[in-house]
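Participant: Predicted structure and sequence below. I'll ask about it afterward.
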Amino acid sequence: MSKAPKAASADEPPFEEALKKLESIVEAMESEDLALEQLLLKYEEGSRLARLCQSRLADAELKIQKLEESLKGELSVTLFSPGTEPAHD
């Protein structure tokens, strides 16, 4: 039994926004002289954003796989002669 992809909740940012925020957190942690408490807060937020991005990527990959499977099963070639109309399914 497969799980349906979770819809993004209102408090979760879109993938691109989450990724940009995650990148800025990493840069801040690498370049700034932060107190331990600030580092821990940034680490927690970064971990949450990383999980969110990974989940969204996994959902997108699943959708692509389903589309590819669907296309493999539904595509067919219909031969027709010039001057005749192709058959419509």
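Facilitator: Everything's here; your move.

Participant: How about the lengthiest helix in the chain, which residues are buried there?
Facilitator: The residue-count maximum for a helix in the chain (DSSP state H) belongs to helix 36-74. Across helix 36-74, burial judged by 16 or more other Cβ atoms under 10 Å covers K42, G46, L49, L52, C53, R56, D59. Quick note: C-beta positions are derived from backbone N, CA and C, even for glycine.

Participant: tell me which strands and helices that helix is in contact with?
Facilitator: Taking 3 or more Cβ pairs under 8 Å, 6 or more residues apart in numbering; DSSP states H and E as contact, the helices and strands that helix 36-74 lies on are helix 15-31.

Participant: name the helices or strands packed onto the helix it packs on?
Facilitator: In this structure, helix 15-31 packs against helix 36-74, with contacts taken as 3+ Cβ pairs under 8 Å, 6+ apart.

Participant: circling back: and the longest helix of the chain, what's its mean pLDDT?
Facilitator: With pLDDT averaged residue by residue, helix 36-74 scores 90.

Participant: next one: that helix to chain centre, how far?
Facilitator: 5 Å (Cα atoms, centre = their mean, to the nearest Å).

Participant: relative orientation of it and helix 15-31 in degrees?
Facilitator: Interaxial angle of helix 36-74 relative to helix 15-31 (axes from the mean of the first three to the mean of the last three Cα atoms, to 10 degrees): 150 degrees.

Participant: Can we start the residue count at 46 from this point?
Facilitator: Will do, 46 is the new start, and the previous item becomes helix 81-119.

Participant: For the buried residues of helix 81-119, give me TSV that also has distance to E77.
Facilitator: Supplementary listing: the buried residues of helix 81-119 in TSV, determined by distance: Cβ to Cβ, whole Å:
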residue	distance to E77
K87	9
G91	14
L94	18
L97	23
C98	22
R101	27
D104	33
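
Participant: And for E75, the neighbour number?
Facilitator: E75 has 7 neighbours, counted by other Cβ atoms under 10 Å.
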